[in-house]
Each structure stands twice: as C-alpha cells, then as structure tokens.
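Novice: Kindly return the folded structure for what I paste below:
(chains A and B)
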Amino acid sequence: MSDQMSLLGHLRRKLTITGLVGTPIRYYVAVLFFIGLAVAPSTGQMDVLNMLTWTASFYFIMWVISWDFVVGYTGQVSFGHTLFFAAGGYTTAILNIDHSVDPAIGIVAGTIVAALAGLLYAIPALRLEGHYLALFTLLPPLILLRLFRMFRDTTGGSRGLPNPEPLIEAGSFSANAEANYYLSLVLLILIFAIAWVITRSDTGKIFTAIRESEDAVESAGLNPAKYKLFAMVFSAMLGGFAGAVFVHTPSGSASPSQLLELAVIIEILIASIVGGFGTITGGVLGGFLVYWGRDWLRNADQTIPVIDVPMADIDILLFYGALLVLLYVLAEGILPWWYRQVDRVLTRVRGEEPSAVADGGQTWLKRQIGSLQTRYDENREENTGRFEDRRKK
Amino acid sequence: MVDIAQLVTNALVLSALYALVAIGFTMIFGIADILNMAHGAAIVTGGFAAFYMVDALGMSIWVGVLAALVVPAIFSILVYRVFVKPIEDDQIIVIITTILILLMTEHFFRQIEGTRSQVLPLLASGSTDLGVVTVQNNRILLFVFAWISIIAVFLFVNRTWIGRGIESLSMSPRGAALVGVDRNISTMTTFGVAGALAGMAGLFFGVSQGVSWDMGLDPLLIAFAIVILGGMGSIKGSVIGAHIVGSLETVTVTMIDSRLTGVVALGVMLLIIVARPHGLYGRPGETE
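Specialist: Down below sits the predicted model:
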C-alpha cells in the first residue's frame, strides 16, 4: 500500500510543468515510440502481413527483455532461456490441442510450468560459475529438443505442433491480425514496464550489486542466492508467459525453430548485447534491429555482385555474418554508447570539466583481466630474455 | 554372448571417436580458458574436406583422410587468430562468437549441399573374424587410427617441447610464462591439433554415418558431457570419460531406443555438473 502511495506521489510530482521539463528526453522518445507503434496500424501504411511480422517481433523483444532482466543485471550467464519459452508455449499448445483446454487457462498453466522450470534451472546454477555455468545452461534446451523428437506424437518433433486455437478472434483475417497486434503491443508495454520498474528499484540495485561482487552483497546482510533465484524465476515467468501467448497468435506456433533452437537464443543474446547489456531499454532497441534486420534480409531482392547469388537465398549466412560483425563493432551496446556521446556533448556545451571516469569506462572484470595480462606479459618478456640468456651459456 | 561381444566392439569404436572430439575440446579449454563451440564446425569441415577430395576431385579416400586432418587444422587456427583472439578475455562473447561460427559453417554447407547426407567410401572393405565376433575391416581401421591419434597426442603433450609448454600453460599460465613458454604459439598449436583431431572424427563419422551439414553439433554436445565428466583440461580424463559415455550410449541405444542418442550422455552430464563440477580428473580449484 505504501509503495502505491509513494508511486502516486511520485507521479504527481513528475506531472507538474517543472517535473515534465526536468524529465530526460529519452523518456519522451520511449513514450513517442510506443505511441507510434499504437497508431501505426490506423495510418493504413501497414498491410496484414506486415502487422503479423510486427506482432512476432513484439514477442521476440519480450524474450530479449526477459533475458536481459536476469543476465544483464545479476550477471548469471544463461544460454538456456529458450527452455522457458518452450515450457510456456508447448504447455499451453499441448493442453489446447490434446485436451481442448481454453487458451486463457492454458497460458496461465504455461506460465506456471515456465516458472517451475526456472526454479529447477536456477537452483543448480547457484552452485556453478564461469564455464561450468555456461555449459550447464546450454544443455536443458538441447535435451528438451531431443525429448521432443522422441515423443513425436505429443510434441510434433522437429516440425512442431499445428496452430492451437487463437486466444482472441475478431471475424475477418485482417481484423484478427489487428486485434492480435494490439494485444501483443499491450503485453510488450506491460512486460517492459514491469522489468523497467523492478530493475530501477532497490531490488534492481541489489541485482547489479550481485553482478559486481557477491561478497559485498553478502556483507551487507543480504542473501544473494535469494535474489538470484528470484531474478531467474521471474525472468522465466515473463519469458514463459510471452511464449505461451505467442503460440496462440496467428504469428506463432509451438515449434522448435521458433521457441527452442540454438539459433533463437543466439539472436536474443546478440539483440540484448547490441542494444546495451543490462539496460532493458537497450534490449528493446536491439530486439527491433535484429528482428527487422533478419526480416529485411529474408525478403531482400538484391543480388550480391561478384558471386552473383540473390541475397534472399543466403539470408541466414548473411544474417549470422552481420551479427558477428555487430558483436565486434557494438559490443558496448548502442544505448550505452549513445548516452556517453550525449553526455560528452552536454558537458562541453555547459562548459563543465569533463567528469573523469575513474575506471576508464571499463567494467571491473575487464580491468582486472587487463592488469593481470599486463603483469603477465611483463613477466614473460623479462623471463623469456633471462631464459634465453641462460640457454646460450 | 555374441551380442555382448558385438556391443563391446561397438562401444569401443564409438568411444574412440568421441575421445578424438573431446581431447581437442578439452585441450583448448585447458590452455586458452575458452569454450570453443566452433570445434563442432571443425568436425563438419573435416567431413566435407574429405568428401570434396573424393567426390569432386576423384582422389582416393586416403587423400581425403589427409585433407580431413589439414583443412580443419587450418580452419581452427584461423578461427582463433581472426575471431577469438581479439575478444578472448570476454568469456560470454567468445561463446557467442564461436556458436555463430558453428551456425555459419553449418548453413554454409547446407546452402551448397542441401540437407541430404553425403556418402564417403569405406576405408577398407571386407571383415575380419576376431574369434568371438566378426568386425568390418573398416571399423577396425577407424579404431586403430583413432587410437594412434590419441597416443600421438599423449606423446606430443608429454614428450615434446611445445607439448610440455601447452601442458604447463594449462596448469599455470604464470609459471609457464616464468619458464619462457610462448603463449601465442602454444595456443595456435593447440587449436591446430584440436582442429585436426576434430576433422579426423568428422571423417570417421562421415565414413560410418554419412557427411551432412548438421553432423557437428551432436558430437560436440557429447564432447561437453565427456569433458565435464573427465574434468576440464584433462586429456586422460577425456579418454576415460569418452569410454564411459560411449559405452552408456551404445548400451542405451541398442537395448532401449535408438532415438536416445545423446539424451543419456547429457543427462549424466547434468548430474555430474551438479554433484561434482570439477569432474573425475579436474582440480576443484578450477571451477572458479
């Protein structure tokens, strides 16, 4: 209750003239962006097919958000988030197709199953670090995919299940697409808002602190395991929910290529990293870029010179190549890079001294590795010389 | 009785092939501290290098064997020099990059050759009676070659200067630096050796099951299981782990369901990773 009061109070303060002027421009950009998405179908520029692709991209972005929520903030690596999307999507699809359960109930069940999967996944992950954690998280979706292939009758194997009943129906095909577009947009805004609020709250600060130093969090009397578990389970819920609704829209179905394969999680990872790791907003931007980049390549009608191959024929290769390049060029993330630039320009305009960045803009880990590397290189050079000398004698 | 003998021979051949993949993977992990997912791409490259030698250039399968050793070795070294080296400090980015390389290699061959699996000629025809069981000469050769490579790697790591350098780097980078081991050359050699082993495994899988674009991922995943089981960075552990996983797999696949390929290995690995993360021969301190 007190939380709500303070939130209302906060909003009231923000909604005065001075409050509105003081709000950073990026908030207005975000609001305008969502308003733009909301009015886009009524401008008539969007045909039905386009609308379906937009709908699918919204779910992709929800998954990016759910991944960034746990990995970008608490720093626990996860290559296995597709497990949750599939848990949500397949649960509701199987319930609907085999047992004709209402989609709304199926979605709730899917979300619960995804949350349970998140719990089962997060508990062993607490004990693991580094490479072992990475390997561990890679496995569950791959095992699940194999199990799906084994129980082909229930799960549809590699091809996936046919479309279950839609969650909402609105007469004609185009009206249906539009209804689903708005449903998905509302869900996207909802999930974005939830993730944004939590990561900007005190809990979010604790998540970030866990990423930087678990010992420090522990010494402050907080239990890092509890927060890591919460982050993972909540993220699994968000992802599973998005996956469950996704299979009931005309844009999606419960199939490995859409929910479970290695390529899916890689696209999500890269979207999050390119947009800006641990920012949520960056995930939205990166999600749009990656999804629409993929779509553009798939439908490109240009032909590549020299080797004379139509681009659409080798779209997957080009797409992965582009992602690889993006990973090198934009490893910092578009949004963090942009904020840094804006910050620099603003300080110059205001005539302030540029604020010294204590760590040279690097993360703590990078600096540690960097200093180790230097020390090690120095040692090596010195000793290689000494060793050579001795051998000559 | 004959059934058991058949089972044992199958398990031995399969385990030897898995050991080839796992040794390279674990060596790279030991020396450079990275999970090289592009190792799966080296398997595919090896299979197709041999296939092109035989099919397109009309050479004998033995030239194919040579190609399956050399091409993936060069491929692996290039992967390291071009893609991995600039980012080797960032574990997550390395994993993502190498997965992308794996996906690109797979789709490259899928684009050219389609999804059909291509046939490689057998290394030798006929079969030999070994008393209790009759085995194809081809399988005997696979087994012998795999073991020659495994022993060669053992000797290389334990008896040569470069090999000892590699071993020392995986034990303690600082100690290795103190005695003048060149990290760059050692790492490149490791990638080359690992690539050659993976390529050879690719050829062998190709000979027994056909060469296809998606042949790399399954052995790679099983190599994960083996490496986790044996302890990361330990060659001896990998060979033993390969035999445990290979035997388990042969037994489950023949006795229960052929679609179980990989599931048991991965299940065992999940248990190991939770119960004893450093594996049979790993050192506990290395989990950090």
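
Novice: B:Val70 and chain A, how far apart?
Specialist: Distance, B:Val70 to chain A, using C-beta to the nearest C-beta, to the nearest Å: 24 Å. From N, CA and C alone the C-beta is placed, and that goes for glycine too.

Novice: surely that residue meets B:Ala196?
Specialist: Yes - the pair B:Val70 / B:Ala196 is scored as a contact, 7.4 Å apart, by C-beta atoms under 8 Å.

Novice: more crowded one of the two?
Specialist: Neighbour count, other C-beta atoms under 10 Å in any protein chain shown: between B:Val70 and B:Ala196, B:Ala196 has more, with 25 against 16.

Novice: got the buried residues for the strand or helix carrying that one?
Specialist: Assessed by DSSP states H and E, B:Ala196 sits inside helix B:183-209. Within helix B:183-209, the residues scored as buried using 16 or more other C-beta atoms under 10 Å in any protein chain shown are B:183, B:186-208.

Novice: the strands in chain B, which residues?
Specialist: Counting by DSSP state E, chain B has strands at residues B:127-129, B:134-136.

Novice: any idea of the mean pLDDT in the last one?
Specialist: Put plainly, it is strand B:134-136. The average pLDDT for strand B:134-136 rounds to 80.

Novice: and it, how far from the chain's centre?
Specialist: The chain centroid and the centroid of strand B:134-136 are separated by 24 Å under C-alpha atoms, centre = their mean, to the nearest Å.

Novice: Now do it: everything it contacts.
Specialist: B:Thr9, B:Leu122, B:Gly126, B:Ser127, B:Thr128 (C-beta atoms under 8 Å, 6 or more residues apart in numbering or on different chains).

Novice: Select only the buried ones of those residues in PyMOL?
Specialist: Buried residues within those, by 16+ other C-beta under 10 Å, are selected in PyMOL with:
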select buried, chain B and resi 9+122
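
Novice: Turn the contacts of strand B:134-136 into JSON lines, including pLDDT.
Specialist: Converted to JSON lines, these look like this (pLDDT from 0 to 100):
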{"residue": "B:Thr9", "pLDDT": "86"}
{"residue": "B:Leu122", "pLDDT": "79"}
{"residue": "B:Gly126", "pLDDT": "76"}
{"residue": "B:Ser127", "pLDDT": "77"}
{"residue": "B:Thr128", "pLDDT": "78"}
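
Novice: Among the contacts of strand B:134-136, which one sits closest to chain A?
Specialist: Checking the contacts of strand B:134-136 against chain A with C-beta to the nearest C-beta, the nearest one is B:Thr9 at 25.8 Å.

Novice: Just to check, the closest one is in contact with B:Gly131?
Specialist: No - B:Thr9 is beyond contact range of B:Gly131, at 11.5 Å (criterion: C-beta under 8 Å).

Novice: check contacts around the spatially most central residue of chain A.
Specialist: Centroid-nearest residue in chain A: A:Val64, 1.8 Å away (criterion: C-alpha atoms, centre = their mean). Contacts for A:Val64 (C-beta under 8 Å, 6+ apart) come out as A:Ile268, A:Ala271, A:Ser272, A:Gly275, A:Gly283, A:Val284, A:Gly286, A:Gly287.

Novice: same check, this time on A:Tyr328
Specialist: Neighbouring residues of A:Tyr328 by C-beta under 8 Å, 6+ apart: B:Pro86, B:Ile87.

Novice: and if we set it to 10 Å?
Specialist: Neighbour list for A:Tyr328: B:Phe83, B:Pro86, B:Ile87, B:Ile93, B:Thr97 [criterion: C-beta atoms under 10 Å, 6 or more residues apart in numbering or on different chains].

Novice: Where does it fall, secondary structure wise?
Specialist: Here A:Tyr328 is assigned to helix A:315-329, by DSSP H and E.

Novice: And that helix, what's buried?
Specialist: By neighbour count with 16+ other C-beta under 10 Å, helix A:315-329 contains the buried residues A:Asp315, A:Ile316, A:Leu317, A:Leu318, A:Phe319, A:Tyr320, A:Leu323, A:Leu324, A:Leu326, A:Leu327.

Novice: Check stretch A:336-352 too.
Specialist: For stretch A:336-352, burial by neighbour count (16+ other C-beta under 10 Å) applies to A:Pro336, A:Tyr339.

Novice: and it, anywhere near chain B?
Specialist: No - Stretch A:336-352 does not reach chain B (C-beta under 10 Å from any C-beta of the partner chain); its nearest approach is 15.2 Å.

Novice: what does the stretch 51-200 of chain B have sitting close to chain A?
Specialist: Counting by C-beta under 10 Å from any C-beta, the residues of the stretch 51-200 of chain B close to chain A are B:83, B:86-97, B:99-108, B:110-112, B:173-174, B:176-183.

Novice: Buried ones among the residues you listed?
Specialist: Listed as buried from these are B:83, B:87-97, B:99-108, B:110, B:173, B:176-178, B:180-183; burial here means 16+ other C-beta under 10 Å.

Novice: and the nearest residue to A:Pro166 once chain neighbours are set aside, what is it in contact with?
Specialist: Leaving out its chain neighbours, the residue that sits closest to A:Pro166 by C-beta to C-beta, 6 or more residues apart in numbering or on different chains is A:His248, at 5.6 Å. A:His248 makes contacts with A:89, A:92-93, A:96, A:103-104, A:106-107, A:110, A:163-168, A:180, A:183, A:254, as judged by C-beta under 10 Å, 6+ apart.

Novice: Filter the residues you listed down to the ones in helices?
Specialist: Within the contacts of A:His248, residues falling in helices by DSSP state H are A:Gly89, A:Thr92, A:Ala93, A:Asn96, A:Pro103, A:Ala104, A:Gly106, A:Ile107, A:Gly110, A:Asn180, A:Leu183.

Novice: Now do the contacts for the closest residue to A:Met62 other than its chain neighbours.
Specialist: Nearest in space to A:Met62, with sequence neighbours left out and distances taken as C-beta to C-beta, 6+ apart, is A:Ala242 at 3.8 Å. A:Ala242 sits next to A:58-63, A:65-66, A:84-85, A:88-89, A:110-111, A:114, A:184, A:187-188, A:191, A:252 when contact means C-beta under 10 Å, 6+ apart.

Novice: same thing but 8 Å
Specialist: By C-beta under 8 Å, 6+ apart, the contact list for A:Ala242 reads A:Tyr59, A:Met62, A:Trp63, A:Ser66, A:Phe85, A:Gly88, A:Leu187, A:Ile191.

Novice: same question, A:Ala170
Specialist: By C-beta under 8 Å, 6+ apart, the residues touching A:Ala170 are A:Asn176, A:Glu178, A:Ala179.

Novice: and of these, the nearest to chain B?
Specialist: Chain B lies nearest to A:Asn176 out of those, by C-beta to the nearest C-beta, at 33.7 Å.

Novice: show me where the stretch 101-250 of chain B has helices.
Specialist: B:137-159, B:161-171, B:173-178, B:183-209, B:217-230, B:235-255 (DSSP state H, counting those that start in this stretch).

Novice: A:Glu212: which of those is closest?
Specialist: Ranking the helices of the stretch 101-250 of chain B by their distance to A:Glu212 (criterion: C-beta to C-beta) puts helix B:173-178 first, at 24.9 Å.

Novice: Low-confidence ranges, chain A, go.
Specialist: Across chain A, residues meeting the criterion (pLDDT under 70) sit at A:1-7, A:14, A:22, A:352-393.

Novice: can I see the domain layout of it?
Specialist: A:31-346, A:363-392 (automatic domain parsing).

Novice: how distant is the longest one from the center of its chain?
Specialist: If I follow you right, that is domain A:31-346. Averaged C-alpha coordinates place domain A:31-346 at 5 Å from its chain's average position (C-alpha atoms, centre = their mean).
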